[in-house]
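Participant: Generate a structure from the sequence data that follows.
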Amino acid sequence: MTAEVTVEDLGDRLIVTNRNAAQRNPLSEEFYRKLGAAVEAANKEHRIGAVVLTGEGNFFCSGGNLNMLKERSALSFEGRQNKIDELQNLIRAIRGCRKPLIAAVEGGAAGAGVSLALACDFLVASKEAQFTLAYVKAGLTPDGGVTSALLQALPRALVNEMCLLATPISTERLYSLGAVNVACEQGEAMTEALALADRLVAGPIQTIGDIKALLTDAFELTDDQQLDHERDAIARALVAPEGQEGINAFLSKRRPNFRELEIK
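Facilitator: Residues are numbered from 1 along each chain as shown. Below is the predicted model of the structure:
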């Protein structure tokens, strides 16, 4: 049987591909398990500088399967919570990962597929792609952290359209509002995502992880707390191998070589 989710280890990055194009790459137990393992591996191994997430064929991810959701209605409230937490905990892991994740979206994303795309640190999407939250049409509410992610990235009026009216929103509209990093031609999402990964893995991976943590914490901390976190982070960075290499390279007018450093 062909795996529905593959993880390619290219040495300095991982590529996770949902391979169920016939059903527009829905969520599955295998998807949760393999993406979760990839995020964990990226966290542990310094050599991995980025994770690229994509879907096979012409659609990124169609989210949850309604037949599967209907079966869950027979569970207790706690049982339903536990099943939904499979997605919630995956989103937490993506947000908490010290390595950047890049979503490469062809065709579009729906439901929790939108949640996954927005949970990533970079979003690359083909210009014809549509992002749709149709929960309301099934009498359901959104999950996967999408409500907070949307409100952090977009005007409230547009979020209302997406969540309350299930209005599909185009890549180009999201790009114009700064919610998409790269709007590319059809079939070019993975190429553009890998180009972003090239830039990330050439950089100071430990430092990038520290910066991502600062950006994540900024939504939860007070301004004074964030100032303290920034102070502590740069105080550590000044004497860390990457900081030393970066400073010395700048003063010597040469390109820094972060990949050859020994990071403990």
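
Participant: Could you use CA atoms for every contact and neighbour count after this?
Facilitator: Will do.

Participant: Check which helices and strands the lowest-mean-pLDDT helix or strand in the chain sits against.
Facilitator: One helix or strand of the chain scores below all others by mean pLDDT, DSSP states H and E: helix 66-72, with a mean of 83. The helices and strands touching helix 66-72, judged by 3 or more C-alpha pairs under 8 Å, 6 or more residues apart in numbering; DSSP states H and E, number zero.

Participant: Give me the domain ranges for this protein.
Facilitator: Under the assignment automatic domain parsing, the domains of the chain span 5-201, 205-251.

Participant: Low-confidence regions, the chain specifically.
Facilitator: Low-confidence segments of the chain, defined by pLDDT under 70: 1-2, 263-264.

Participant: for it, what spans make up the helices?
Facilitator: With DSSP state H as the criterion, the chain has helices at 29-44, 66-72, 77-96, 112-119, 146-153, 156-164, 171-176, 189-201, 205-217, 223-237, 241-251.

Participant: Single out the most deeply packed of these.
Facilitator: Across those, averaging neighbours per residue (mean count of other C-alpha atoms under 10 Å) puts helix 112-119 on top, at a mean of 25.

Participant: what about it, distance to the chain center?
Facilitator: How far helix 112-119 lies from its chain's middle: 7 Å, per C-alpha atoms, centre = their mean, to the nearest Å.

Participant: now it against helix 146-153, angle please.
Facilitator: With axes from the mean of the first three to the mean of the last three C-alpha atoms, to 10 degrees applied, the angle from helix 112-119 to helix 146-153 works out at 40 degrees.

Participant: contacts for helix 112-119?
Facilitator: Here helix 112-119 makes contact (C-alpha atoms under 8 Å, 6 or more residues apart in numbering) with 26, 60-64, 91, 94-95, 103, 105, 109, 123, 131-133, 142-146, 149-150.

Participant: Quick check: Gly11 vs Asp210, distance?
Facilitator: The gap separating Gly11 from Asp210 is 21 Å, by C-alpha to C-alpha, to the nearest Å.

Participant: Any idea which residue is closest to the centre of the chain?
Facilitator: Closest to where the C-alpha atoms of the chain average out (C-alpha atoms, centre = their mean) is Cys120, at 1.5 Å.

Participant: Next, count neighbours for Asn18.
Facilitator: 27 (other C-alpha atoms under 10 Å).

Participant: Quick check: bridge partners of it?
Facilitator: On the basis of DSSP bridges, Asn18 is bridged to Val5, Gly55.

Participant: my guess is it meets Phe31, correct?
Facilitator: Yes - contact criterion C-alpha atoms under 8 Å: Asn18 and Phe31 qualify, at 6.9 Å.

Participant: what do those two both touch?
Facilitator: Common contacts of Asn18 and Phe31, defined by C-alpha under 8 Å, 6+ apart, comprise Glu4, Val5.

Participant: just to revisit the earlier point, just the buried residues out of the contacts of helix 112-119, in PyMOL syntax.
Facilitator: Only the buried entries of the contacts of helix 112-119 go into this PyMOL selection, using 16 or more other C-alpha atoms under 10 Å:
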select buried, resi 26+60+61+62+63+64+91+94+95+103+105+109+123+131+132+133+143+144+145+146+149+150
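
Participant: partners of the residue lying closest to the residue nearest to the centre of the chain once chain neighbours are set aside in the sheet?
Facilitator: Computed as C-alpha to C-alpha, 6 or more residues apart in numbering, the closest residue to Cys120 that is not its neighbour in sequence is Leu101, at 5.0 Å. For Leu101, the beta-bridge partners under DSSP bridges are Val51.
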